[in-house]
Structures are given as structure tokens and as C-alpha cells.
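> Pasting the sequence and the predicted model now:
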Amino acid sequence: MTMVRMAEIIRAIDPDAQAAGNAIQFVIDDIPLFVVADPIADRMRAMVPIRSAEGLATDELMRLMQANFDTALDARYAVAQGRLWGVFIHPLSPLEKDQLLSAFVQTINVARTYGQTYSGGALSYGGGDSNGIYQELLKELQELGEEI
């Protein structure tokens with residue numbers, strides 16, 4: 001993955017995506033995402049703001065750490081700049097298109113499920129409906145960028 005390739009994939013998803021330096025801001029399903037990459041450090045980070053970190057109780061922080069261990073999958077909850085974020089961090093160069101799209105889905109899902117299941121949603125155990133919903137979003141994003 002390169003910065004140019006990542007921007008092409010993101011613009012296939014959201015033609016109104018806004019780039020500034022090593023960052024790009026875009027929207028999926030009315031949820032704002034920010035992607036920041038550093039080719040020299042070979043890292044990328046996809047982020048979704050969830051809420052202010054002010055007032056997060058100890059039991060809530062404990063729950064977030066538990067989710068980071070099991071249900072958030074490759075996405076994580078993180079606190080920075082006074083906010084709670086859903087984040088996905090990965091080396092840039094080995095990242096494949098489908099991994100990037102999965103990163104977006106998982107990051108959106110940790111934001112959506114905050115306060116409920118705290119789930120990245122890419123994998124689901126059990127007979128519920130959630131996995132189908134998450135897989136549908138992933139397929140939709142894959143189809144948007146199919147010609148890339």
C-alpha cells in the first residue's frame with residue numbers, strides 16, 4: 001500500500017474525501033473517518049471519533065480495555081486529544097486493499113457499538129444477525145473500489 005493507492009481507494013468510497021498532507025478525511029454511512037499515514041515510519045492509522053474522554057468512569061475504561069482484548073478485533077478503543085476514538089493501526093506497505101476496507105468496517109463498528117457490544121464486528125460467533133450486516137458493509141465497500 002502507498003499513500004497514492006490508499007487515496008484512490010478512499011476516493012472510490014467517498015469522492016468528496018479531503019486530503020491534507022499525510023491525512024485524508026472521508027465519510028462512510030454518515031460516520032467521519034480520518035486516515036493518517038507515514039510512509040517513512042511505514043504506519044497507517046484509521047480513526048473514528050466517538051465521544052469526549054472527559055467523564056469516562058473507571059468501569060467504562062475497564063470495559064474498553066476488555067473489548068480491546070476480545071470483541072474489538074483489529075480495531076481498538078483509544079484516548080487522545082481529549083477524545084475517545086475507534087482506531088485501526090497497521091504497517092502501511094504490506095496492507096492490502098481488502099485489509100484496508102476491513103479496517104474501515106471494524107473502526108466504524110467499534111464506534112457504532114460503543115456502549116453496547118463494543119465490537120469490531122468483522123467476526124461474530126453465534127447465530128445472530130450482526131455478522132451479516134457487517135459483511136454486507138464490507139462487500140459494499142469492496143464493490144465501490146472494484147475497478148481500482
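Received the coordinates, thanks. Computed from a predicted model, the values in this text were never measured in an experiment.

> which residues sit in contact with Ile13?
By CB atoms under 8 Å, 6 or more residues apart in numbering, the contact set of Ile13 is Phe26, Ile28, Phe104, Leu141, Leu144, Gly145. (Each C-beta comes from the backbone N, C-alpha and C, glycine too.)

> ok, which stretches of the protein are strands?
According to DSSP state E, the chain carries its strands in the segments 18-20, 23-28, 31-38, 43-52, 76-80, 83-91.

> follow-up on the earlier one: and the contacts of Ile13, which is closest to Phe88?
Phe104 (7.8 Å; CB to CB).

> what sits against the residue nearest the centre of the chain?
Central residue of the chain (CA atoms, centre = their mean): Thr107, 2.4 Å from the mean position. Taking CB under 8 Å, 6+ apart as the contact definition, Thr107 lies against Leu33, Ala46, Met47, Val48, Ala75, Gly86, Val87, Phe88, Gly120.

> repeat that for 6 Å
Thr107 is in contact with Ala46, Val48, Ala75, Gly86, Phe88, counting by CB atoms under 6 Å, 6 or more residues apart in numbering.

> what do you get for Ala17?
Ile10, Arg11, Ile24, Phe26.

> who touches the last one in this structure?
Spelled out, it's Phe26. Ile10, Asp14, Ala17, Leu33.

> and if we set it to 7 Å?
By CB atoms under 7 Å, 6 or more residues apart in numbering, the contact set of Phe26 is Ile10, Ile13, Asp14, Ala17, Leu33.

> in the chain, which helix or strand is least confident?
helix 130-144 (a mean of 68; mean pLDDT, DSSP states H and E).

> remind me which residues of the protein are low pLDDT?
122-135, 137, 145-148 (pLDDT under 70).

> rerun that using 50 as the cut-off
124-130 (pLDDT under 50).

> can the strands of the chain go into CSV with extra columns for distance to Ala67?
Formatted as CSV, the strands of the chain follow (distance: least, CB to CB, whole Å):
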stretch, distance to Ala67
strand 18-20, 30
strand 23-28, 21
strand 31-38, 18
strand 43-52, 12
strand 76-80, 6
strand 83-91, 10
